[in-house]
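*Asks:* Need a 3D model of the following:
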Amino acid sequence: QVQVVESGGGLVQAGGSLRLSCTASGSIGNINAMGWYRQAPGKQRELVAAISFNIRDGYTNYADFVKDRFTISRDNAKNAVYLQMNSLKPEDTSVYYCYVDGRRNGLGYRYWGQGTQVTVSS
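*Replies:* Coordinates of the predicted model:
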């Protein structure tokens, strides 16, 4: 089993910033990537950002609606991923979920965190 724990959500005014953190622990094996999705009430879960844990490339992927505002980063030694969110908008209000993709004993997996609420007031 892999445990995924997020932190850093909260209430912020429009234009403000928050930093989300996520750490994976347990029977991790090798992590391929970590990232963030979000889901607002009545909406589908959508990808926010993802980052490769390949030491050689650190490839990142962002949703168009967060480009130039959010930055994803990683700490391979800590099995951690971070999401720096700047210039927040009310429409960014959502539950943010961290995930980890990896392989253990030749089998791939994806585990999710419990989610952290981000609320942006206008």
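*Asks:* Nearest the middle, which residue of this protein would you pick?
*Replies:* Trp36 (2.6 Å; C-alpha atoms, centre = their mean).
*Asks:* Report the beta-bridge partner residues of that one.
*Replies:* Listed beta-bridge partners, Trp36: Ala49, Cys98 (assigned using DSSP bridges).
*Asks:* Just the pLDDT for it.
*Replies:* Listed pLDDT for Trp36 reads 98.
*Asks:* residues in contact with it?
*Replies:* 20, 22, 47-50, 72, 81, 83, 96-99 (C-beta atoms under 8 Å, 6 or more residues apart in numbering). Where you see a C-beta, it was placed from the backbone N, CA and C, and this is true even at glycine.
*Asks:* Give me the distance between the helix or strand in which Val4 is found and the centre of its chain.
*Replies:* Val4 belongs to strand 2-7 when assigned by DSSP states H and E. Relative to the chain's own centre, strand 2-7 is displaced by 10 Å; criterion: C-alpha atoms, centre = their mean, to the nearest Å.
*Asks:* Also stretch 1-20?
*Replies:* So, by C-alpha atoms, centre = their mean, the centroid of stretch 1-20 is 9 Å from its chain's centroid.
*Asks:* do the same with stretch 114-122
*Replies:* On C-alpha atoms, centre = their mean, the centre of stretch 114-122 falls 13 Å from that of its chain.
*Asks:* go on, stretch 41-48?
*Replies:* For stretch 41-48, the distance to the chain centre is 13 Å (C-alpha atoms, centre = their mean).
*Asks:* Kindly report the same for stretch 77-96.
*Replies:* With C-alpha atoms, centre = their mean, you get 6 Å for stretch 77-96.
*Asks:* now do the same end-to-end measure for that stretch.
*Replies:* Distance between the two ends of stretch 77-96: 23 Å, counting by C-alpha to C-alpha, to the nearest Å.
*Asks:* Just the buried residues of that stretch, please?
*Replies:* Asn79, Ala80, Val81, Tyr82, Leu83, Met85, Leu88, Asp92, Thr93, Ser94, Val95, Tyr96 (16 or more other C-beta atoms under 10 Å).
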